[in-house]
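In: Sharing a sequence plus its predicted fold:
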Amino acid sequence: MTVLHLLLNAVTVIFIAGTMFAAGLGATLPALRAVFSDVPLLVLVLLVNLAVIPLLGWGLAVVFGLATAPFIALLLAASSPGGPFGAKLGMVQRGDVTPGAAMQVLLAAVGSITFGFTANALLTVADVGGGISLDVGALVRTVAILQLVPFAIGLILRHYATETALSWHPIAAKVSNVTFLMVLAGMLLGNWSDVIALLGTRSLLAGFLFSALSFGLGTLLATGPVRRRTTMGGVTAVRNAGPALAAIGIAFNDQPAILGALAAILLSGLAAAIPIAAVLGRRRSRSPEAAVGRPDVMS
């Protein structure tokens, strides 16, 4: 393993743990309870993110006839809900931020458990990866430790040491943002030849459409006012890179082709989701209700 890959692995661990720690610091029990008590919204969001979106990823990979590496990368991304940028898209679009951020945290926590089972099932049915299957037990343990434990620590600090949590939260959020960009840059630089090979292929288009369609499905299959539904669309559109990276390390020995494909798909997905959120935000900025739903947690 090269020095770059060792550094990338270290930054990835910091990114995954730091993101969930920041989410825990920014969460409040009342906000989480409010989301959990809205049963129709909860059921629909879980159904969309844990079942519909993974099937959408599989369908697009088949329809576009993706090569093995991008096929695997798209399935892994589709199986991993709760990306931290989902809550940020709620802020960009001036949406219903607190429920969106709470739902993103819930999806990341639940997804840390379901990811291994979902991804393994899709890889098996799709028959890609040369018969390689995920060690679900090892993946669940790894992802749960890297995500659930930091989140729980952050949530406990927020509940019992609120001032400390609030002072730490901006720093933790910046660490999450910076390490996310470092992970993407490292994946691109470390696997640049594989990324370049994807240019001109249908892989980037598949990632773009996957994110755009996920945004639409997340909005359509949600409850409440439009502002809340589009916020759930943004949460649905952004997938969680952490479990996917863990799976590539555990099951595929950090194959450059798959890492490069995942980076390309994640970036093409953001290229679809961010403009949608920006357009919604501009429209709402002209509305007298623009201040509604502004973030008070999880910035």
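Out: Arrived safely, thanks for sending.

In: how much distance is there from stretch 106-126 to the middle of the chain?
Out: The chain centre lies 13 Å from the centre of stretch 106-126; the measure is CA atoms, centre = their mean, to the nearest Å.

In: CA atoms of it as PDB?
Out: Extracted as PDB, the C-alpha positions of stretch 106-126 are listed here (Å, rounded to 0.1, in the frame of the first residue of the first chain):
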ATOM      1  CA  LEU A 106     -31.100   9.000  11.600                       C
ATOM      2  CA  LEU A 107     -30.400   7.700   8.100                       C
ATOM      3  CA  ALA A 108     -26.600   7.700   8.800                       C
ATOM      4  CA  ALA A 109     -27.100   5.700  12.000                       C
ATOM      5  CA  VAL A 110     -29.600   3.200  10.500                       C
ATOM      6  CA  GLY A 111     -27.600   3.000   7.300                       C
ATOM      7  CA  SER A 112     -24.500   2.000   9.300                       C
ATOM      8  CA  ILE A 113     -26.300  -1.200  10.200                       C
ATOM      9  CA  THR A 114     -28.300  -1.800   7.000                       C
ATOM     10  CA  PHE A 115     -25.500  -0.900   4.500                       C
ATOM     11  CA  GLY A 116     -23.700  -4.200   4.600                       C
ATOM     12  CA  PHE A 117     -26.800  -6.300   4.100                       C
ATOM     13  CA  THR A 118     -28.200  -4.000   1.300                       C
ATOM     14  CA  ALA A 119     -24.900  -3.800  -0.600                       C
ATOM     15  CA  ASN A 120     -24.200  -7.500  -0.300                       C
ATOM     16  CA  ALA A 121     -27.600  -8.400  -1.600                       C
ATOM     17  CA  LEU A 122     -27.300  -6.000  -4.600                       C
ATOM     18  CA  LEU A 123     -23.800  -7.200  -5.400                       C
ATOM     19  CA  THR A 124     -24.900 -10.800  -5.300                       C
ATOM     20  CA  VAL A 125     -28.100 -10.400  -7.400                       C
ATOM     21  CA  ALA A 126     -26.200  -8.200  -9.900                       C
END
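
In: in that stretch, what's buried?
Out: In terms of neighbour count (16 or more other CB atoms under 10 Å), stretch 106-126 has its buried residues at 106-112, 114-116, 118-123. Glycine gets a C-beta too; all of them are placed from N, C-alpha and C.

In: Show me which of these is closest to Lys88.
Out: Ala108 (13.5 Å; CB to CB).
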